[in-house]
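> I would like to see how this sequence folds:
(chains A and B)
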Amino acid sequence: MRLSHLFTKTLREAPADEIAVNARLLTRGGFVFKNSAGVYSFLPLGWRVMEKINKIVREEMNVVGGQEMFMPALVEKKYLEPTARWDLDVGFFAGGKEDKEPGFVLGWTHEEVLTTIASKYISSYKDLPFAAYQIQTKFRNEARAKSGLLRGKEFMMKDLYSFHADDKDLQRYYGEVKEAYFKIFKRCGLDAVYTVAAGGIFTAGNTHEFQILSDVGEDTILLCLKCGYAENSEISEFKNGDTCSKCGGNMAEKKAIEVGNIFPLGTKYSGALNLEYADENGVKHPVVMGSYGIGVSRLMATVVEVSNDTQGMIWPESIAPFKVHLIVLDNRKEESEKIYDELIHKGIETLYDDRSDKSAGEKFADADLIGCPVRVVVSNKTLDKKSAEIKKRTEKETELVSL
RNA sequence: CGGGCUGGCGUAUGACGGUGGUACGACUGCUUUGGGAGCAGUUAGACUGGGUUCAACUCCCAGCAGCCCGACCA
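Numbering: from 1, shown residues only, chains lettered A, B, ... in the order given. This is a model prediction of the structure:
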């Protein structure tokens, strides 16, 4: 991609009304555009990052047998009435202007929708287990959108749902998804803390969250500094400084960003929506379910929050919009075009700053802001030595490589 | 949803209640290219609606919007 063709531009200053680091940097870099509070567009650079994250998520979901699908954003009343979730004050209700009552809600979760679909196809123990997921925009009428992309009214989520014959099989699968989640966050450059939490409006039992330690996080967790056991403060009986009941270590209170969560749902939804299967003896049982979410847009913002410096974002290679940011100085276009073609030919994703009306300093500043892992400079200075200069975003030193 | 703060070009600011300026940015052209270049030209602003006043960007009220705190929260 040539910077001269990219329709977005970097901004020298962040908008006055963005405080959160993720929103300031993503906006300045031209990754996102705030349309309304808590409602963002993903611009070409931001969408590339989003799709890289989604690709990682897909790969790991497929490893645990997740079947990708796509469900409607418009969820009709009849789906949520059986579980008494239609009247919850969570979603944006939708209907025609002349309708007396809204007939739909913009989907804020899809347990009921998929359970209803599954009930048409699942009837025997032979049909179980299975798991399906989607990556889709979710809509929640947040009373208070905040912190840039960390809490929005509209956001990207990966939601996986699993269906089992019994609780034992659910627990087996739950463990597999847990491991898949750790891999996803690791591949995105994040260390997640597995945290015991409350079920909220999804289940009566405990659930588990994946938390990324960060002072801007809105969750507070109690984390054992020795064994890593963690509980969300909303259910924890630990206090800062207490002794860990698992290993005797020290429990520390930490702020964290919740990037994922997994729920052993049991039969709450299958029961309400008549999703049953017949066992080997022909006896019917409700299907046992689990659901598993990752806020993928929040994940992107979280990476920015934990990986940046005064100059800009620092993307891990796995999700960077481009691997290489190629800069040409002194108008040495002929040479830089050749290098660009070569990089593209080798399949190396390259953002090429071919602009001839920008100063060297501005190009460097933009490269630092956008935060691709490797910067390559071609200039009189490097070409005199028949070379190009390479610098990693995470390092200060540059090195010359011959052409 | 309760509370607070804020509301003027993209950003930062100046103007006593009396003709809305300036700097940076952005745009056009030319000259430039190793850390946000130079010259010239251009662009663009008082959230909305009421009220007070001879006169409102300025004061008052309401609404709206944004941010922040809290409540809430897959």
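> For the spatially most central residue of chain A, which residues are in contact?
Residue closest to the mean C-alpha point of chain A, counted by Cα atoms, centre = their mean, is A:Val296 at 1.8 Å. When contacts are counted by Cβ atoms under 8 Å, 6 or more residues apart in numbering, A:Val296 is found next to A:50, A:53-54, A:57, A:135, A:156-158. From N, CA and C alone the C-beta is placed, and that goes for glycine too.
> In strands, which of those fall?
A:135, A:156-158 (DSSP state E).
> Put together CSV for those, with neighbour count on each row.
As requested, the ones in strands among the contacts of A:Val296 are arranged in CSV below (neighbours: other Cβ atoms under 10 Å):
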residue, neighbour count
A:Ile135, 20
A:Met156, 22
A:Met157, 22
A:Lys158, 25
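> returning to what we had before: any chance of the backbone angles for the residue nearest to the centre of chain A?
Recorded main-chain torsions at A:Val296 are phi -70, psi -30, according to degrees, to the nearest 10.
> Enumerate every residue touching the residue nearest to it when sequence neighbours are not counted.
The spatially closest residue to A:Val296, leaving aside those adjacent along the chain, is A:Met156, at 4.6 Å (Cβ to Cβ, 6 or more residues apart in numbering). With contact set as Cβ under 8 Å, 6+ apart, A:Met156 has these partners: A:50, A:54, A:135-138, A:295-297.
> let's see it at 6 Å
Contacts for A:Met156 (Cβ atoms under 6 Å, 6 or more residues apart in numbering) come out as A:137, A:296-297.
> Could you look up the SS state of the nearest residue to A:Val216 once chain neighbours are set aside?
Beyond its immediate neighbours in the sequence, the residue positioned closest to A:Val216 (Cβ to Cβ, 6+ apart) is A:Glu305, lying 5.6 Å away. Following DSSP: H, G, I helix; E, B strand; the rest coil, the label given to A:Glu305 is helix.
> how much space is there between A:Glu305 and A:Gly103?
In this structure, A:Glu305 and A:Gly103 are separated by 39 Å, where distance is defined by Cβ to Cβ, to the nearest Å.
> Those two: which is more packed in?
Using other Cβ atoms under 10 Å as the criterion, A:Glu305 and A:Gly103 rank with A:Glu305 on top: 24 against 14.
> where does the stretch 251-400 of chain A come near RNA strand B, residue by residue?
In this structure, the stretch 251-400 of chain A approaches RNA strand B at residues A:258, A:261, A:263, A:291, A:293, A:295, A:311, A:329-331, A:356-369, A:377, A:379-382, A:389, A:391, A:398, judged by Cβ under 7 Å from any atom of the strand.
> err, the stretch 51-200 of chain A, not the other one
By the criterion of Cβ under 7 Å from any atom of the strand, the positions of the stretch 51-200 of chain A lying close to RNA strand B are A:109-111, A:142-147, A:151, A:157, A:159, A:198-200.
> Give me the below-cutoff pLDDT ranges for chain A.
Along chain A, segments meeting pLDDT under 70 span A:200-204.
> how about a cut-off of 90?
Low-confidence segments of chain A, defined by pLDDT under 90, span residues A:16-17, A:96-98, A:143, A:198-206, A:234-235, A:403.
> what's the longest strand in chain A?
Ranked by residue count under DSSP E, the longest strand found in chain A is strand A:251-266.
> List the buried residues in it.
By neighbour count with 16 or more other Cβ atoms under 10 Å, strand A:251-266 contains the buried residues A:251-252, A:254, A:256-266.
> Now for the residues you listed: which two are most distant?
A:Ala252 and A:Gly266 (32.4 Å; Cβ to Cβ).
> How much space separates the residue nearest to A:Val216 from A:Leu299?
When distance is defined by Cβ to Cβ, A:Glu305 is 11 Å away from A:Leu299.
> same thing with A:Ala165?
For A:Ala165, the distance to A:Leu299 - Cβ to Cβ - is 32 Å.
> Tell me where chain A has helices.
Chain-ordered helices for chain A, with DSSP state H as the definition, fall at A:21-28, A:44-63, A:77-80, A:111-121, A:167-187, A:268-272, A:296-306, A:333-345, A:360-370, A:380-383.
> Give me the helices and strands touching the fifth one, please.
Spelled out, it's helix A:167-187. In terms of contacts (3 or more Cβ pairs under 6 Å, 6 or more residues apart in numbering; DSSP states H and E), helix A:167-187 is packed against helix A:44-63, strand A:251-266, strand A:288-294.
> residues in contact with the residue nearest to A:Leu299 when sequence neighbours are not counted?
Excluding the flanking residues, the one nearest A:Leu299 by Cβ to Cβ, 6+ apart is A:Val259, at 5.1 Å. By Cβ under 6 Å, 6+ apart, the contact list for A:Val259 reads A:210, A:212, A:298-299, A:302.
> Looking at those, which is nearest RNA strand B?
Each of the contacts of A:Val259 was checked against RNA strand B using Cβ to the nearest atom of the strand; the closest is A:Arg298, at 9.1 Å.
> What is the neighbour count of the closest one?
The local packing of A:Arg298 (other Cβ under 10 Å) involves 25 other residues.
> Over to A:Ile212?
Should you count by other Cβ under 10 Å, A:Ile212 turns out to have 23 residues around it.
> Can you name the residues that contact the residue nearest to it when sequence neighbours are not counted?
Nearest in space to A:Ile212, with sequence neighbours left out and distances taken as Cβ to Cβ, 6+ apart, is A:Ile257 at 4.8 Å. With contacts taken as Cβ under 6 Å, 6+ apart, A:Ile257 has the following neighbours: A:212, A:214, A:217, A:302.
> Much appreciated, bye for now.
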